[in-house]
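> task: produce atomic coordinates for the following.
(chains A and B)
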Amino acid sequence: MNDRVARIRGLIEGAPSAPGHDGGLLHRVCAAATHTLAASGTGVSVMTEVGARGVYAASDPLTERMEELQFVLGEGPCWDAFALRRPVLVPDIEEESPGRWPMYRPAAWEGGIRAVFSFPLQMGAVRLGVLDVFRKRTGSLRGDEFADALAFAEVTMTALLDRHEEAVMQGLGDSLDDAGEHRAELFQAQGMVMVQLGVSIGEAMVRMRAYAFAHGRRLDEVARDVVARRLDFGSDRP
Amino acid sequence: MITVSVQQLATIFVEIADTLVDEFNVIDYMHMLTERVAGLTEAAAVGMLLADQHGRLEFIAGSDENVTLVELFVLQNEEGPCLEAFRTGRPVVNVDLGSAAARWPRFAPLAVASGFQAVHAFPMRLRRQVVGTLNVFGETPSSEFASGDVAILQALADAATIGLLQERAVARGEALSEQLQGALNSRVIIEQAKGAVAQAHGVSVDDAFTVIRDYGRRHNRRLTEVAHAIVTDPVSLRQVVEP
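This is a model prediction of the structure:
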């Protein structure tokens, strides 16, 4: 089940960086997602609980405008995906009820957008932003496209979380999907490390990933050691 | 043999209907249902599994959440009553676990070792689609369902599925994917909270779940709300063990 995330990583690695941009990882995420999901554009916006928000990367100028417009108007799918903590999938923006995004919807339509799919960049209680996928034609994401989009969101989430491009791309078997049956343990360990170090829940995952990276170990193994109390980030100073 | 109490059943259906108009959260809703079904059938444990975009059955809520029980739920992606109910769309009921080792070589012995004697699984159906399963474990050989009980539990499983999609007036295909992803993320929050409580209060992760659940009950707060507060607010993390 980790094949998908590994494949998506490969696509991101091979994606061209946008001209005029610094070629950062998230620009390549947008380019690769746009291509893979047969989209007209993809944007990543950063949003935090305390109000900092803005467009972080976009595949093209129109998408960047469509992203920015949501912040200007204070409404749109990325707001909903962030607030509801789940994807917002709109295969036909015309069919949405008129009360939904009364200002954003006509503006998106003007820009040629017909469908939009927003994925929160989150891991439990950690929320960092939203990945928006736009299309100029109506229609649902196919099952495999939906799964791919979730994988793009996961890689983006990881990239935003620790900003360590090398670690993100090498992966080290750190995909959340890799944990498989032990997913629950991974997040339990995250909660434990949060308390051990007195850091935020997001930072706890960064520390666990950094530890796994530095010791050449799999993240799920590290998590299992934490839950079994064989490893304590507080006292062992790893 | 169990005979479901009509009065209890009526209460559950009202509760389901009430959830539909209240602020909706998949995990809280599913959690409420597993607890009610456990009460109704006097089952030792009840769980709900929902299929994700890969067709994998994900554990969503349980009347109890100890490590072995969760393992029993997860194992059913390979074999077990839930996988059968999920694939066939039909309930699997009254299976004597003691003589099911040939049918489910890994699942049955583990379930027996966990103290269960009987198991049942009901498909959660939405029109022709099966979106998940309701899993019921009994501790005694007499935890068998009569045919009337089977019909009632199947109706409950179907009502639960409809409730899952209540947020939208017209249930689009997308609504289910949206809800499921939201539910999976809520599950992650609960696991993060279990870890935080286990570490902060020196208890096992199994006991941490009980601590969180009991705190929610005492203060009439939702499980996901309490879990989120624990993970994001150190004061809540301390308070959760206070009476």
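> which stretches in chain A count as helices?
Taking DSSP state H to define them, one finds helices in chain A at A:3-14, A:25-36, A:61-73, A:77-84, A:104-110, A:143-162, A:165-170, A:183-197, A:201-215, A:219-227.
> mind checking which of those is nearest chain B?
helix A:183-197 (2.6 Å; Cβ to the nearest Cβ). Just so you know, the C-beta spots here come from the backbone N, C-alpha and C atoms, and that holds for glycine as well.
> can I get the helices of chain A in a markdown table including mean pLDDT and distance to B:D18?
Below are the helices of chain A laid out as a markdown table (pLDDT from 0 to 100; distance: least, Cβ to Cβ, whole Å):
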| stretch | mean pLDDT | distance to B:D18 |
| --- | --- | --- |
| helix A:3-14 | 86 | 39 |
| helix A:25-36 | 92 | 41 |
| helix A:61-73 | 95 | 34 |
| helix A:77-84 | 94 | 21 |
| helix A:104-110 | 95 | 32 |
| helix A:143-162 | 89 | 32 |
| helix A:165-170 | 52 | 44 |
| helix A:183-197 | 95 | 30 |
| helix A:201-215 | 90 | 32 |
| helix A:219-227 | 94 | 37 |
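> can you tell me which residues contact the closest residue to A:M157 other than its chain neighbours?
Closest residue to A:M157 apart from its sequence neighbours, by Cβ to Cβ, 6 or more residues apart in numbering or on different chains: A:L121 at 4.3 Å. Shown in contact with A:L121 (Cβ atoms under 8 Å, 6 or more residues apart in numbering or on different chains): A:V44, A:R127, A:L128, A:G129, A:V130, A:L131, A:A153, A:T156, A:M157, A:L160.
> near chain B, which residues of chain A?
By Cβ under 8 Å from any Cβ of the partner chain, the part of chain A that sits against chain B consists of A:1, A:84-91, A:120, A:122-125, A:140, A:143, A:146-147, A:150, A:181, A:183-184, A:186-196, A:201, A:227.
> filter those residues to the buried ones?
Buried residues within the residues of chain A next to chain B, counting neighbours by 16 or more other Cβ atoms under 10 Å in any protein chain shown: A:84-91, A:120, A:122-125, A:140, A:146-147, A:150, A:183-184, A:186-196, A:201, A:227.
> tell me how many other residues crowd the residue of chain B found nearest chain A.
The nearest approach of chain B to chain A comes at B:G195, 2.6 Å away (Cβ to the nearest Cβ). When neighbours are counted by other Cβ atoms under 10 Å in any protein chain shown, B:G195 registers 32.
> repeat for the one 5 residues further on
Here the count is done by other Cβ under 10 Å, and B:A200 has 20 residues near it.
> do the same with B:V130
B:V130, neighbours per other Cβ under 10 Å, totals 17.
> pairing partners for whichever strand or helix holds it, with directions?
B:V130 is part of strand B:129-138, with elements assigned from DSSP states H and E. Strands that pair with strand B:129-138, judged by DSSP bridges, come out as strand B:45-51 (antiparallel), strand B:118-126 (antiparallel).
> mean confidence for the shortest one?
Right, the one you point to is strand B:45-51. Per-residue pLDDT over strand B:45-51 has a mean of 93.
> next structured bit after that strand?
Next along the chain after strand B:45-51, taking DSSP H and E as the criterion, comes strand B:57-62.
> in its sheet, what does that following strand sit against?
strand B:45-51 (antiparallel).
> which residues does the partner strand contact?
B:30, B:33-35, B:37-38, B:57-64, B:69, B:73, B:76, B:82, B:86, B:116, B:124, B:130-137, B:160, B:180, B:183.
> what average pLDDT does the helix or strand hosting B:A175 get?
Assessed by DSSP H and E, B:A175 sits inside helix B:173-201. Here helix B:173-201 scores 91 as its mean pLDDT.
> show me how far that helix is from its chain's centre.
13 Å (Cα atoms, centre = their mean, to the nearest Å).
> who does the helix or strand that it is followed by touch, helix- and strand-wise?
Next helix or strand after helix B:173-201 toward the C-terminus (DSSP H and E): helix B:205-218. Judged by 3 or more Cβ pairs under 8 Å, 6 or more residues apart in numbering or on different chains; DSSP states H and E, helix B:205-218 is in contact with helix B:173-201, helix B:223-232.
> what parts of chain B come near chain A?
Near chain A, when you scan chain B using Cβ under 8 Å from any Cβ, you find B:53-54, B:56, B:59, B:70-71, B:74, B:172-174, B:177-179, B:181-182, B:185-189, B:191-200, B:205, B:227-228, B:231-232, B:237.
> of the residues you listed, keep whichever come out buried.
Neighbour counting over these (16+ other Cβ under 10 Å) leaves B:53, B:59, B:70-71, B:74, B:172, B:174, B:177-179, B:181-182, B:185-189, B:191-200, B:205, B:227-228, B:231-232, B:237 as the buried ones.
> check A:F134 and give its pLDDT.
For A:F134, the model assigns a pLDDT of 98.
> who's in contact with the nearest residue to it once chain neighbours are set aside?
In space, and not counting its chain neighbours, A:F134 is closest to A:G41: 4.7 Å by Cβ to Cβ, 6+ apart. With contacts defined as Cβ under 8 Å, 6+ apart, A:G41 is in contact with A:C30, A:T34, A:A58, A:S59, A:D60, A:L62, A:T63, A:M66, A:V133, A:F134.
> shaky segments in chain B?
B:1-3, B:19-23, B:142, B:166-172, B:243 (pLDDT under 70).
> mind running it again at 80?
B:1-5, B:16-25, B:53-54, B:127, B:141-143, B:163-173, B:242-243 (pLDDT under 80).
> nearest residue to the residue most central in space within chain A other than its sequence neighbours?
The centroid of chain A falls nearest to A:A153 when counting by Cα atoms, centre = their mean (3.1 Å). Closest residue in space to A:A153, ignoring its immediate chain neighbours: A:F119 at 4.0 Å, by Cβ to Cβ, 6+ apart.
> thought that neighbour was touching A:A151?
No: with contact defined as Cβ atoms under 8 Å, A:F119 does not reach A:A151; the gap is 10.1 Å.
> with neighbour numbers in mind, choose between the two.
The neighbour count for A:F119 versus A:A151, taken as other Cβ under 10 Å, is higher for A:F119 (28 against 24).
> circling back to that earlier point, could you check the angle helix A:183-197 makes with the helix holding B:A175?
Per axes from the mean of the first three to the mean of the last three Cα atoms, to 10 degrees, the angle that helix B:173-201 makes with helix A:183-197 is 40 degrees.
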